[in-house]
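> I'd like to go over a predicted model; first the sequence, then the structure.
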Amino acid sequence: MTKTDKETAAQGGNKEFLTATVAGQTFGIPVLQVQDVLGEQKVTRVPLARKEIAGSLNLRGRVVTAINLRHKLGMPEKPAEMKTMYVVVEHKGELYSLIVDSVGEVLSLPDKDFEKTPATLEASWRALAIGIYRLKEELLVILDVPAMLEALFVKDDAA
């Protein structure tokens, strides 16, 4: 164990999350899973794809599957004038872009403040969350990116 690891273990440890919002709800994505953050992008629709799959985009020559979190969470379409952002994550060697309303800051939060996902959280969010942090003015839902992607594409394969 390095000195830094020992110091972190003694302090209880912190984890870092990129914050983003979808329809007013803030959530966190573990920073180690984030590959890139993009502004408006041209997304090409994929015929016969599930509604959660917005399409694909080109990121420096790589095809990236764009996932509409509003659809995944059963939320209404965003207003046409509202801009979107894209958080690129990697899973099993593939890149995926999570379409969000906005991206905030990176928060370093203590492990001791992490809580299990409460039963009162909306079911669609509960299915995608690994837990929460209670911030001063809001609840930060921590997104379980691997589980979300697995569930999304396992359902496709079973169909």
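Sure, I can see it. Residues are numbered from 1 along each chain as shown.
> and the closest residue to N68 other than its chain neighbours, how many residues sit next to it?
Residue nearest to N68 in three dimensions, not counting chain neighbours: A54, with 4.3 Å by C-beta to C-beta, 6 or more residues apart in numbering. All C-beta spots, glycine's among them, are computed from the backbone N, C-alpha and C. A count of nearby residues for A54, using other C-beta atoms under 10 Å, gives 24.
> How much space separates A54 from V100?
12 Å (C-beta to C-beta, to the nearest Å).
> Same check on G39?
11 Å.
> Also G74?
16 Å.
> what about these two, which has more around it?
V100 (24 against 11).
> Who is the more buried one paired with across the strands?
Here V100 sits in beta bridges with M85, as judged by DSSP bridges.
> residues touching it, list them.
20-22, 69, 84-87 (C-beta atoms under 8 Å, 6 or more residues apart in numbering).
> Need the residues that contact stretch 48-67.
Residues contacting stretch 48-67 (C-beta under 8 Å, 6+ apart): 36, 38, 41-46, 68, 71-72, 86, 88, 94-99, 149, 152, 155-156.
> Generate the ChimeraX command that creates a selection of the buried members of these.
A single ChimeraX command is used to select the members of the contacts of stretch 48-67 judged buried by 16 or more other C-beta atoms under 10 Å:
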select :38,41,43,68,71,72,86,88,95,96,97,98,99,149,152
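> re the thing from before, tell me the one among the contacts of V100 nearest to K136.
The closest of the contacts of V100 to K136 turns out to be T21 (C-beta to C-beta; 16.0 Å).
> Return the distance of the closest one relative to M82.
Going from T21 to M82 by C-beta to C-beta gives 11 Å.
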